[in-house]
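pasting the sequence and the predicted model now:
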Amino acid sequence: MTDQTDVAALAEQVPDGALVALPPDYSFVPMELIRALIRRGVKDLHAIAVPVSGMAADLLIGAGCLRVMEAAAVSLGEAGLAPSFTRGVQDGSLTMKDSTCPAIHTALQASEKGVPFMPLGGIIGSDIVKYRNDWKVVDDPMGEGNGRILLVPAIRPDVAFVHAPLADRHGNIWVGKRHELFTIAHAAKTTLATYEELHDGDLTEDPVLSAGTIPAMYIGGLARAVEGAKPLGLAGSYGADMDHIRAYAKEARTQEGFDAYLKREVLGGQAEAAS
Amino acid sequence: MTDQTDVAALAEQVPDGALVALPPDYSFVPMELIRALIRRGVKDLHAIAVPVSGMAADLLIGAGCLRVMEAAAVSLGEAGLAPSFTRGVQDGSLTMKDSTCPAIHTALQASEKGVPFMPLGGIIGSDIVKYRNDWKVVDDPMGEGNGRILLVPAIRPDVAFVHAPLADRHGNIWVGKRHELFTIAHAAKTTLATYEELHDGDLTEDPVLSAGTIPAMYIGGLARAVEGAKPLGLAGSYGADMDHIRAYAKEARTQEGFDAYLKREVLGGQAEAAS
Amino acid sequence: MADYSSEEFLISVITGLLPEKGNAAVGAASPVPGSAVLLKRELTGGALRASLIQGTANNPFTDGGRELFDAAGQGRIDVFFLGGVQIDGQANLNLVGTGAYPALERRFPGSFGSPYMYFTVPNVILFRPEHTRRVFVEKVDFISAPGVSPPDVHRIGGPKALVTELCLMSFDRDKGRFRLESVHPGHSVEEVRDNTGFDFDVPDNVPTTAEPSDEMLGVLRSKIGREIAGTYPDFAERVLGYRAEMTA
Amino acid sequence: MADYSSEEFLISVITGLLPEKGNAAVGAASPVPGSAVLLKRELTGGALRASLIQGTANNPFTDGGRELFDAAGQGRIDVFFLGGVQIDGQANLNLVGTGAYPALERRFPGSFGSPYMYFTVPNVILFRPEHTRRVFVEKVDFISAPGVSPPDVHRIGGPKALVTELCLMSFDRDKGRFRLESVHPGHSVEEVRDNTGFDFDVPDNVPTTAEPSDEMLGVLRSKIGREIAGTYPDFAERVLGYRAEMTA
């Protein structure tokens, strides 16, 4: 059994300084939990995008919750550059660990399999390698003369975040074909999940839904959050609010604009009450 | 699009000497295709069990189709020892490459990721390592002083076999939560699939079924075979015929008994016609 | 004390070894450990999670055959069960066969996942009812999985206890030796010694293994038969008196 | 010859570069390559398979974000598209930013999967409409993905062609140089040279890039608008005149 709680209480379970895993914007991001983290005032997070991020990372960066960002890219996609990320890197307030999509997937799979590193093809010759002291290029360790290969160390997030379309009373969550969320949940020490709807019955025992279900074993906390991915979309439930995201991309081009967005959309009543 | 054909034509696509991947007995084994391979007289196969096998491997061994077997175990489960396998190893006619479950999964994942090897924890000190010249124990290649670790080379089957509960006209197949079949299909050069029922529509576009669907990209041939896993079971459709399997375990204890089973249950009318 | 079968007794012994919470997994063809794990889950109100790898009932894994091994590698599996054709005094396990490998005299199925689970699961319970010198040997013919490892090999897991039809032993990983913890009712230390091919530690006073309580037997018979029937219908009926009306 | 938009022309140029069968994948925010791939799929009767990674329509992948990269590593992806903030004469790509890393003057999103896809996909088509010396530089400020590799690095894939608003170039991996293949109607070799910051090979006779046929435009407008709308509704409406009634 995984205890059910509310989103604010989930946010309390994330310690300052934690290594947190963020799904990409198209893959069931628990935005209400991200906002709750900002309201809780979490600090010094090291965020790993799996393998890219957008709104979730940008809000955390703008709100001063992130110390280090590791990603293959941070972008608002069709809405353009991620404004807080861009500003943070350009003014030096954010430490960016540049990576590449398959390196992040592979490093999470290393944790999933409990090994300290994994090999990855390609990449050698990219300047990314030059700036990653934790990566290592070695001569074929099998001794087969297959040339040089990159080894990347395992990434083991302290906490992974996910917003699931369905969850059940046993603590299982359903994410359909978004299998990167399986990998994140397996790789992370624990996963905090919000969900859209409660499923009656045991998701792991359903012959069809079980194929898209992450079992309760991996889930450390669970809270219902209706429309909890907005303004991002939840495939099969609702689309992304592109007008909102475009407006954010524009407003947050300055820190003042970001702060106004934050006060209005995230801190809300809390900011009012505190003033 | 993946062309649809019949089971005998699928069997024709498997060349003598191929490295073939067999799912475990509980995981959607295309037994009708296995029987068709025997009828076609396939020879010198190298079979890799993922990671264990039973009826499928034992029939191929007894019928003289296998030269090498690689597996973590071959067994008929509750029905006892696999008789042809046991006899083949004991009389030296079968070359057995002993392995262990996670090594086979890992080696297939190496092919899935296109890398020549992968590390695997544990195992060192097992006599399996001693007899596997293709495996290598190395000092931590990351240079972090984490001690010795096993590296296993990628296994890339020429052909993987699977019997799916559903397939569609686009060549996609649905295997539900049997995700080892995803791994096999990704790792193998091609996958030959039989299926139970035709699904109307595109499985990859169904919001629920897509989570258990292997896309047509991996499927090299497809044929319908109703009850095609029997006498093994197909979870959700039919159970294993344990009486049949127990009777096989007993009858096949001698090569003569196996031959009688083969003639009756596999060669059938073909053997009659040829006599 | 109620009447009970030998299987019910062994289920009770194993149940007594299980932790109050965490994840216990059970491999194929293991109805006795499976019943013990489901019983402990019931007694802890679900705090000990159970995974029966065989079959679909009580099997929460959804990511294919590798998930059990991956989860063990992640440190999520707290309890697992292993056996062996032969087990020696250093807790080396042989699941491959007897004779000189590869030209074995008697071939058994193979090592399964033993050399991985033995390294990754902190509490591996060895379960081998047959207690004879044929099984418990001085040195196994083939090491499927080693009982202990040198310090330059990363190892979290290993053997915790051994349950047979005669006794319960613990295993000291630092010493690399078994220790007799208790002898089952009706058996003696001498009988254990006579039927064991390896040397082991024996304390001055060896207690008798506790018998199952009426309460435990009640829960086992009333609730676990139904649960285990989803995986082992024959066992549920024969041992626990539960006849499944239908099994998938 | 029919009227056509600049996007329709570029779709046509890319379509002409695509093989008759195999698997073509298209990354995020790439409606022009996406339309070309769907068009070629239509023209080949499905023999060229299309995967649009962004969105759910025409995206057959079912095993999470890693499946595209894994499939590329398996050698299953025949065609992919990359671009860059900067591209140099050795086909090095920069998707990270301009200035001295890490203290960049202008930061862009990041390298995405470029240093992997560039090594694993045999036919990488570089698509960068803006043809200026700001983009096509002597040497990129940051190599996200190198155009060529030394022999001790395993590499199957790499750059095949470059499509811009001015011209089509091919890339010779052995020489590590671009070669001008054709100049688009209304433009000249001198214009290409003036706007390119690196040296490249120019044959004696440089043909004019072929214009889209009426037939191709007909298929594009009648069938591909509807398909691409599932991923890029704005583009489908603006460029191909297809108004989606509803998009998921």
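Looks like it arrived, so ask away. Residues are numbered from 1 along each chain as shown, chains lettered A, B, ... in the order given.

low-confidence stretches in chain C?
C:1-2, C:243-248 (pLDDT under 70).

scan it for its longest helix.
Counting residues, the longest helix in chain C under DSSP state H turns out to be helix C:31-43.

residue A:99 against residue A:74, yeah?
No: at 11.1 Å, residue A:99 does not count as touching residue A:74 under the criterion of C-beta atoms under 8 Å. In short, each C-beta sits where N, CA and C put it, glycine included.

so what secondary structure elements neighbour the longest helix of chain C?
Helix C:31-43 sits against helix C:6-15, strand C:22-26, strand C:48-52, strand C:123-127, helix C:214-219, helix C:225-229, helix C:233-240, with contacts defined as 3 or more C-beta pairs under 8 Å, 6 or more residues apart in numbering or on different chains; DSSP states H and E.

adjacent strands (with direction) for the following helix or strand past the fourth one?
Spelled out, it's strand C:123-127. Next in sequence after strand C:123-127, counting helices and strands by DSSP states H and E, comes strand C:136-137. Strand C:136-137 has the following sheet partners, assigned by DSSP bridges: strand C:86-88 (parallel).

contact partners of the strand it pairs with?
C:93-94, C:98, C:126, C:128, C:134-141, C:147, C:162, C:197-198 (C-beta atoms under 8 Å, 6 or more residues apart in numbering or on different chains).

can you say which of those residues are buried?
For those, a burial check counting by 16 or more other C-beta atoms under 10 Å in any protein chain shown picks out C:93-94, C:98, C:126, C:128, C:135-137, C:140-141, C:147, C:162, C:197-198.

can you tell me which of those residues is nearest chain D?
Using C-beta to the nearest C-beta, residue C:93 comes nearest to chain D of the buried ones among the contacts of strand C:86-88, at 34.6 Å.

what sits against the residue lying closest to that closest one once chain neighbours are set aside?
Leaving aside its sequence neighbours, residue C:93 sits nearest to residue C:84 (C-beta to C-beta, 6 or more residues apart in numbering or on different chains; 4.0 Å). Going by C-beta under 8 Å, 6+ apart, residue C:84 touches C:93, C:94, C:95, C:114, C:126, C:128, C:135, C:140, C:144.

likewise for residue A:221?
Per C-beta under 8 Å, 6+ apart, neighbours of residue A:221: A:2, A:3, A:5, A:9, A:10, A:13, A:190, A:192, A:193.

and with 10 Å instead?
Residue A:221 makes contacts with A:2-5, A:7, A:9-14, A:33, A:159, A:171, A:190-194, as judged by C-beta atoms under 10 Å, 6 or more residues apart in numbering or on different chains.

for it, phi and psi?
For residue A:221, the backbone dihedrals (degrees, to the nearest 10) come out as phi -170, psi 150.

just residue A:68 next, same as before
Taking degrees, to the nearest 10, you get phi -130, psi 140 for the backbone angles of residue A:68.

show me the beta-bridge partners of it.
With DSSP bridges applied, residue A:68 shows beta-bridge pairing to residue A:46, residue A:95.

for residue A:221, same thing?
Beta-bridge partners of residue A:221, counted by DSSP bridges, are residue A:192.

tell me the pLDDT of it.
If you check residue A:221, the pLDDT there is 97.

return the distance of it relative to residue C:76.
Counting by C-beta to C-beta, to the nearest Å, the separation of residue A:221 from residue C:76 is 16 Å.

write out the residues of the stretch 1-150 of chain A neighbouring chain C.
Contacts of the stretch 1-150 of chain A with chain C, taken as C-beta under 10 Å from any C-beta of the partner chain, map to A:1, A:109, A:110, A:111, A:112, A:113, A:114, A:115, A:116.

give the buried subset of those as a ChimeraX selection command.
In ChimeraX, a selection of the buried entries from those looks like this (16+ other C-beta under 10 Å):
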select /A:109,110,111,112,113,114,115,116
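
helix, strand or coil for residue C:61?
Using DSSP: H, G, I helix; E, B strand; the rest coil, the secondary structure recorded for residue C:61 is coil.

what's the burial count for it?
21 (other C-beta atoms under 10 Å in any protein chain shown).

am I right that it is in contact with residue C:72?
No: Residue C:61 is beyond contact range of residue C:72, at 11.6 Å (criterion: C-beta atoms under 10 Å).

shared neighbours of these two, anything?
Shared contacts of residue C:61 and residue C:72, counting by C-beta under 10 Å, 6+ apart, come down to residue C:25.

what's near enough to touch residue 111?
Since you didn't name a chain, this refers to chain A. A:118, A:153-157, A:183-184, A:186-189, C:70, C:73-74.

that was the other one, I meant chain C.
With contact taken as C-beta under 10 Å, 6+ apart, residue C:111 is in contact with B:71-73, B:98-101, B:103, B:123, B:126-128, C:84, C:93-96, C:142-145.
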